[in-house]
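Asker: Curious how this folds, go ahead:
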Amino acid sequence: MSLSLPPWLLPLLLLLALLVGGWRAWRARRGARWLGFVLLLQLGVSLVLWQLLRAPAPAPAATALIVLTANHGLPTDDPQALTRALAEYPSAAAYAEASVSALPEAGSLPLGEGRTLQAVPDLATALRLWPARRLLIIGDGLQPRDLPAIRSLALDWQPPGQLEGVTDLQLPPPTPVAQDWVLRGQLSLPQVAANDHSLWQLRLLDPAGTSVDQVPLSADGRFELRARTPVAGRHDYRLQWRDAAQAVGGELVVPVQIVQPSPLRLAIQAGAPSPELKFLRRWAMDAGLLQQSQIAMRPNLRLRGGEAINGAAAEDWQQTDLLIIDDRTWRDWPESRRAAARSAVAAGMGLLLRQTGTLDRIAGERLAELGFQAETAEISRQLRLASPARQDCDAPSSEGKDAADPVASGRCLGLGQLDLQRRPLRVQADPSVPLLQASDGEPLGLWHPLGQGRVGMLWLSDSHRIALMLGPAEHATLWAGLAGTLARAQGTVQNDPRSLEPAWVGQRLTVCGGWGQVRDPTGDTTDLLASTDRPDCAGWWPRRAGWHALLPELDSTQAERWRYVRAAEDAPSLWRASIQRQMAAQVATAPTATDPETAYSDSRWRWWLSLWLLLGGLWLLERAPPRRSD
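Answerer: Numbers count the residues shown, from 1 in each chain. Model prediction:
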């Protein structure tokens, strides 16, 4: 309840205070300086009391503003239709007289009649034109440039309908060569009926356009695709989805960074040259592996590559990550050398035994030393690998290609369609894990742990035909996977979680850790601008899509780091989904509309504090001893 006072009361109180102060000064015979302090304090107490006795100032009316963003879906060309559409929102009553502002991403808008419809460059400009404490945001949501302007405003949000396309994409972190990486995300297709989603397929295509993995579309749209890249570098894979008729519904670039923490140190030992060995060495050379090889050409004649390894002691293998040896060489080695190799495996080295000959008693004993029990089996030598066939190749035309040519026709084969050969063996180990499998489920290789390392056995005879029929990339992928499974464990790759966050053209990116410049895909360099939040952070606004290289400062020893930047038009559904998620988070934490009756009641404590300070000063002056007379 407020107290109403007549306007003449304050001058009367001031006059009475001055009279009382002068009378007390005369009685106490104090000086003029003391009297001046007393009168000033009394005047201050009177003013503070007047402010406290007044009713609290009412808060201004809770003005509202309607903000149109991208994909708002409102008929802005017809003012009456716009008013009718706004009236359908749940909180329409609070915005009955609100003005309408259109941000640049809302598109070209004419001026409406009745309601004020104004195009503005940003939200801060709209709030200067129409000061408001409550906003109704219609469309995808506010861009990052407008978020600082809504920190103390009440928010209502009317999002558009369900998105179509990829709405979530979780990129893999930088992955070592020949290790599996996983792509996860969600695909939204509102037009697909609930019982037809399984007819849609999602495919992961490598930079050459080859399908490396595919899955049917799940009911909730979530997907998980796997791949393995045999070459280090930055690769642009593609995520593609197709309908029941195999028509492409859309695709999206998937940037993947493959790293080589340290070159794999490979040793190859063979008892005779062969096409299989030739292509194996070619793969190791092209992959940049530190290779040490020794091939027996004839008695007392060996072809060596790299520094020769004695191998008589386990310490000789400390600089080797993987030893690939055939059964002939393993059988001819003396027991001391085989024991040294087994000890090296127990210390972490990997060993792969290639079974190239027939299985006899001695060969079986040598395999038993490595933990394998093998026997000859009555099974077909011919096989096909367990791998999906390519479906993105056209049939060979009659012009310029001979359909009967095995090389020409083999280019459009997948691993699952290429006929290969194996040794007719049944191999067991306890415990064991399949190293490679045929399409019929039969293993073509096994591995099992031995101490800190792994021992593998492979009885696939002609993997070199993969390079001849399908190309070196397919052959490299196969052997990179085998080597990555068995080789000595490498150090973990240090990943920066911020590098996996979405980065968009025109949006500020912040990096921390001593970076000085950034190089865009065209080679132009830009100096990073220091951040005001943290002294070790800096930022920039990308202008082009693609891979950007962060360059360290001059006094830094760290290597450059890469960051992929997307353009909003290249991934519209992913861009809109990120804006909507950001908008939903802002609405969830926004304050509610302020109550005008209590808007400023919390500011009156300052007046009470001032009153007590002034009264305390008066009390001290009253207690001061009078001036001594001469």
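Asker: so Asp326 makes contact with Ala270?
Answerer: Yes - Asp326 lies in contact with Ala270 (Cβ atoms under 8 Å); the separation is 5.1 Å. Any C-beta I mention is one placed from the backbone N, CA and C, and that applies to glycine too.
Asker: Overlap in contacts, these two.
Answerer: Leu277 (Cβ atoms under 8 Å, 6 or more residues apart in numbering).
Asker: three-state assignment of Gln586?
Answerer: helix (DSSP: H, G, I helix; E, B strand; the rest coil).
Asker: could you measure it against Ala489, distance?
Answerer: 45 Å (Cβ to Cβ, to the nearest Å).
Asker: And the residue nearest to Val256 when sequence neighbours are not counted, which helix or strand is it part of?
Answerer: Take Val256 and drop its neighbours on the chain: the residue closest to it by Cβ to Cβ, 6 or more residues apart in numbering is His235, 4.9 Å away. In this structure, His235 sits in strand 233-242 according to DSSP states H and E.
Asker: can you give me the offset of that strand from its chain's centre?
Answerer: Here the centre of strand 233-242 is set off from its chain's centre by 15 Å, with Cα atoms, centre = their mean, to the nearest Å.
Asker: Could I get the buried residue list for it?
Answerer: 234, 237, 239-242 (16 or more other Cβ atoms under 10 Å).
Asker: So, low pLDDT: which residues of the stretch 451-600 of the chain?
Answerer: 490-499, 593-600 (pLDDT under 70).
Asker: Neighbour count: Gln586 and Ala489, which is higher?
Answerer: Gln586 (19 against 11; other Cβ atoms under 10 Å).
Asker: My guess is the more buried one contacts Leu147. True?
Answerer: Yes - look at Gln586 against Leu147 with Cβ under 8 Å: they come within range, at 6.6 Å.
Asker: quick one: pLDDT of Gln260?
Answerer: pLDDT for Gln260: 76.
Asker: The nearest residue to it once chain neighbours are set aside: neighbour count?
Answerer: Counting by Cβ to Cβ, 6+ apart, Gln260 lies nearest to Ala232, which is 4.2 Å off, once chain neighbours are set aside. Here the number of neighbours of Ala232 (other Cβ under 10 Å) works out to 19.
Asker: residue contacts, Ala232?
Answerer: 177, 258-260.
Asker: got JSON lines for those, with neighbour count, secondary structure and distance to Ile379 too?
Answerer: As requested, the contacts of Ala232 are exported to JSON lines (neighbours: other Cβ atoms under 10 Å; DSSP: H, G, I helix; E, B strand; the rest coil; distance: Cβ to Cβ, whole Å):
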{"residue": "Val177", "neighbour count": "23", "secondary structure": "coil", "distance to Ile379": "34"}
{"residue": "Ile258", "neighbour count": "20", "secondary structure": "strand", "distance to Ile379": "37"}
{"residue": "Val259", "neighbour count": "17", "secondary structure": "strand", "distance to Ile379": "40"}
{"residue": "Gln260", "neighbour count": "17", "secondary structure": "coil", "distance to Ile379": "38"}
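Asker: who touches Gln291 in this structure?
Answerer: Contacts of Gln291 (Cβ under 8 Å, 6+ apart): 266-268, 281, 284-285, 305-306.
Asker: Which of these fall in helices?
Answerer: The members of the contacts of Gln291 that map onto helices under DSSP state H are 281, 284-285.
Asker: so which of those residues is the most crowded?
Answerer: Going by other Cβ under 10 Å, Ala284 tops the ones in helices among the contacts of Gln291 with 24 neighbours.
Asker: between the contacts of Gln291, which is nearest Leu52?
Answerer: When the contacts of Gln291 are compared for distance to Leu52 (Cβ to Cβ), Leu266 wins out at 86.4 Å.
Asker: Counting neighbours, what do you get for that closest one?
Answerer: 25.
Asker: ok, now Trp575?
Answerer: Neighbourhood size, Trp575 [other Cβ under 10 Å]: 21.
Asker: Helix or strand: which one has it?
Answerer: Applying DSSP H and E, one finds Trp575 within helix 572-589.
Asker: In CSV, list the C-alpha atoms belonging to that helix.
Answerer: Taking Å, rounded to 0.1, in the frame of the first residue of the first chain, the C-alpha atoms of helix 572-589 are listed here in CSV:
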residue,chain,number,x,y,z
PRO,A,572,21.1,-26.5,-45.5
SER,A,573,19.4,-29.1,-43.2
LEU,A,574,22.5,-29.4,-41.0
TRP,A,575,22.8,-25.6,-40.8
ARG,A,576,19.1,-25.2,-39.9
ALA,A,577,19.3,-27.9,-37.3
SER,A,578,22.3,-26.3,-35.6
ILE,A,579,20.5,-22.9,-35.5
GLN,A,580,17.3,-24.5,-34.1
ARG,A,581,19.2,-26.4,-31.4
GLN,A,582,21.0,-23.2,-30.4
MET,A,583,17.6,-21.3,-30.3
ALA,A,584,16.0,-24.0,-28.2
ALA,A,585,18.8,-23.7,-25.6
GLN,A,586,18.4,-19.9,-25.5
VAL,A,587,14.6,-20.2,-24.9
ALA,A,588,15.1,-22.7,-22.2
THR,A,589,17.4,-20.4,-20.2
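Asker: buried sites along it?
Answerer: So, applying 16+ other Cβ under 10 Å, buried residues of helix 572-589: 572-580, 583, 586-587.
Asker: what's the following helix or strand after that helix?
Answerer: helix 605-623.
Asker: elements contacting that next one?
Answerer: helix 32-53 (3 or more Cβ pairs under 8 Å, 6 or more residues apart in numbering; DSSP states H and E).
Asker: Which secondary structure elements does the helix it packs on sit against?
Answerer: Helix 32-53 packs on helix 9-28, helix 605-623, going by 3+ Cβ pairs under 8 Å, 6+ apart.
Asker: and that helix, average pLDDT?
Answerer: Here the average pLDDT along helix 32-53 is 74.
Asker: Would you mind putting the CA coordinates of that helix into PDB?
Answerer: Only the C-alpha atoms of helix 32-53 are listed here, as PDB (Å, rounded to 0.1, in the frame of the first residue of the first chain):
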ATOM      1  CA  ALA A  32      29.800  27.400  12.300                       C
ATOM      2  CA  ARG A  33      31.600  24.400  10.600                       C
ATOM      3  CA  TRP A  34      29.800  22.000  12.900                       C
ATOM      4  CA  LEU A  35      26.500  23.700  12.200                       C
ATOM      5  CA  GLY A  36      27.100  23.400   8.400                       C
ATOM      6  CA  PHE A  37      27.700  19.700   8.600                       C
ATOM      7  CA  VAL A  38      24.600  19.100  10.700                       C
ATOM      8  CA  LEU A  39      22.400  21.100   8.300                       C
ATOM      9  CA  LEU A  40      23.800  19.200   5.200                       C
ATOM     10  CA  LEU A  41      23.200  15.800   6.900                       C
ATOM     11  CA  GLN A  42      19.700  16.800   7.900                       C
ATOM     12  CA  LEU A  43      19.000  17.900   4.400                       C
ATOM     13  CA  GLY A  44      20.200  14.600   3.100                       C
ATOM     14  CA  VAL A  45      18.100  12.700   5.600                       C
ATOM     15  CA  SER A  46      15.000  14.600   4.600                       C
ATOM     16  CA  LEU A  47      15.500  13.900   0.900                       C
ATOM     17  CA  VAL A  48      16.100  10.100   1.500                       C
ATOM     18  CA  LEU A  49      13.000  10.000   3.700                       C
ATOM     19  CA  TRP A  50      10.900  11.700   1.000                       C
ATOM     20  CA  GLN A  51      12.100   9.100  -1.500                       C
ATOM     21  CA  LEU A  52      11.300   6.200   0.800                       C
ATOM     22  CA  LEU A  53       7.800   7.500   1.600                       C
END
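Asker: what's the angle between that helix and helix 605-623?
Answerer: Interaxial angle of helix 32-53 relative to helix 605-623 (axes from the mean of the first three to the mean of the last three Cα atoms, to 10 degrees): 150 degrees.
Asker: what's the model's confidence in the next helix or strand after helix 32-53, averaged?
Answerer: Using DSSP H and E, the next helix or strand after helix 32-53 towards the C-terminus is strand 64-68. Averaging pLDDT along strand 64-68 yields 88.
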